[in-house]
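Asker: can you look at this prediction? I've put the sequence above it.
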Protein chains: 2
Amino acid sequence: MAPDPLEELVSLLARLPGIGERTATRLAFHVLAADPEYARSLGKSVGEIHSRIRRCEVCGNYGAEARCGICLDPRRDGSLVCCVARVPDLRAVEQSGSFRGRYHVLHGLLAPLEDVGPRELPLDSLTARVQQEGIIEVIVATPLNVEGEATALYVAQTLSPLGVKVSRIASGVPHGGELEFTDRVTLGRALAGRRSLDERH
Amino acid sequence: MAPDPLEELVSLLARLPGIGERTATRLAFHVLAADPEYARSLGKSVGEIHSRIRRCEVCGNYGAEARCGICLDPRRDGSLVCCVARVPDLRAVEQSGSFRGRYHVLHGLLAPLEDVGPRELPLDSLTARVQQEGIIEVIVATPLNVEGEATALYVAQTLSPLGVKVSRIASGVPHGGELEFTDRVTLGRALAGRRSLDERH
């Protein structure tokens, strides 16, 4: 007997992050109870997303064209590149409104236990960009966890022979954070990364 | 310019219940980062669900055929029908393991404010079933809220001329519930619906 289409939909939905069997069932029933036109639109949109969205050939950002809007924007500062693990991180940096350079998306982090080594990351293309685009500084904005830190170090080692400045985003107590409820590692980093108030601009 | 396929996917996903803009974005990025074959399967499954799943012509339960598995099962007690608002409620009753009769799914509740009147509910087909199937009792298992109660009363009024017994599921303190933390309405209902311990079987 063929698998039940409803069970099949539930099991596919349950593979989404943060969606358990229960939520998947609720979503499936919602789709069934809603306008069939909605189900068709959503199905088409999901099914075609990989063929309609591609990675920018320069930086790896998602877009509908060969080059993303940021790489094509002449007002962006081409001497400054922010290196991120994933496109959502790029979006977060964009939304902070405090960066006007370009990006390089790694689409991953070094993770030896999951067989992700340096070869799986687009570091050759980053090296080539540094050599060709007149980049002065690469800000490594990978996450502040073990894999993000290891990847940041590796990016710095890879780029150091090229004479480009490689920097790392600051780690410390987040905006609005209470010291009392800040974990020890973060507080240690905030202390180690202290800045002189006199030098502040 | 055509809408961005990614934004389009996010806005379609955000129409699902309990899925906000943020979660929709996370899901869309997950689909993009995952195996394209997964996106195609999920898209196909969502898009075709309305054509692959239909409502049982007898009871309204979902199934791949004209009649659902429960209606076709000769071991179910055809003299007893449980009337529920939605298919997930039918599943909950099934999972309780304490009902071996058949069902009638209303696919809604009376909601005058949302323009859902008695005509929108399949009460004609329930009436016809009572007249034709030798049903002795209809247990109304709509939710214990205003709309569920109003619908239960209406079902009872509709069926009463037919001489069939119409009952309502019990309302009371849930299993494991502490009286201290039980709301007043529930506690009032639990008291009003008290059963003699002598008569218990």
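Answerer: Sure, I can see it. Residues are numbered from 1 along each chain as shown, chains lettered A, B, ... in the order given.

Asker: so who does A:Leu126 touch?
Answerer: Neighbouring residues of A:Leu126 by Cβ atoms under 8 Å, 6 or more residues apart in numbering or on different chains: A:81, A:83, A:104, A:138, A:155, A:158-159. To be clear about C-beta, it is placed using only N, CA and C from the backbone, and glycine gets the same treatment.

Asker: where does it fall, secondary structure wise?
Answerer: helix A:123-132 (DSSP states H and E).

Asker: mind listing what's buried in that helix?
Answerer: Along helix A:123-132, these residues count as buried under the neighbour rule (16 or more other Cβ atoms under 10 Å in any protein chain shown): A:123, A:126-127, A:129-130.

Asker: I'd say A:Glu120 and A:Gly108 touch.
Answerer: Yes. Between A:Glu120 and A:Gly108 there is a contact under Cβ atoms under 8 Å: 6.1 Å.

Asker: list the residues that contact the residue nearest to the spatial centre of chain A.
Answerer: Centroid-nearest residue in chain A: A:Arg86, 1.8 Å away (criterion: Cα atoms, centre = their mean). Contacts for A:Arg86 (Cβ under 8 Å, 6+ apart) come out as A:105-108, B:29, B:33.

Asker: picking that back up, so which residues make contact with the helix or strand that the helix holding A:Leu126 is followed by?
Answerer: As assigned by DSSP H and E, the chain's next helix or strand after helix A:123-132 is strand A:137-140. Strand A:137-140 has contacts (Cβ under 8 Å, 6+ apart) with A:79-83, A:99, A:101, A:104, A:126, A:130, A:151-152, A:155-156, A:159, A:164-169.

Asker: quick one: which of these sit in strands?
Answerer: Among the contacts of strand A:137-140, the members falling in strands (DSSP state E) are A:79-83, A:101, A:104, A:165-168.

Asker: of those, buried ones?
Answerer: Here, 16+ other Cβ under 10 Å leaves A:80-83, A:101, A:104, A:166, A:168 buried among these.

Asker: picking that back up, would TSV of the contacts of A:Leu126 with pLDDT be doable?
Answerer: Listed next are those as TSV, based on pLDDT from 0 to 100:
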residue	pLDDT
A:Val81	95
A:Cys83	95
A:His104	97
A:Val138	94
A:Val155	94
A:Thr158	94
A:Leu159	94
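
Asker: what's the most distant pair in these?
Answerer: A:Val81 and A:Thr158 (13.4 Å; Cβ to Cβ).

Asker: one step back: between all of the contacts of A:Arg86, which two are separated the most?
Answerer: A:Leu106 and B:Phe29 (14.5 Å).

Asker: how many neighbours does A:Gly60 have?
Answerer: 21 (other Cβ atoms under 10 Å in any protein chain shown).

Asker: so it touches A:Leu121, yeah?
Answerer: No. Assessed by Cβ under 8 Å, A:Gly60 is found out of contact with A:Leu121, at 10.2 Å.

Asker: overlap in contacts of the two?
Answerer: In contact with both A:Gly60 and A:Leu121: A:106-107, using Cβ under 8 Å, 6+ apart.

Asker: what's the spacing between the nearest residue to A:Leu110 once chain neighbours are set aside and B:Thr158?
Answerer: Counting by Cβ to Cβ, 6 or more residues apart in numbering or on different chains, A:Leu110 lies nearest to A:Thr151, which is 4.7 Å off, once chain neighbours are set aside. Going from A:Thr151 to B:Thr158 by Cβ to Cβ, to the nearest Å gives 67 Å.

Asker: repeat for A:Pro112
Answerer: Separation of A:Pro112 from B:Thr158 (Cβ to Cβ): 68 Å.

Asker: more neighbours: which of the two?
Answerer: The neighbour comparison of A:Pro112 against B:Thr158 (other Cβ under 10 Å) goes to B:Thr158, with 18 against 9.
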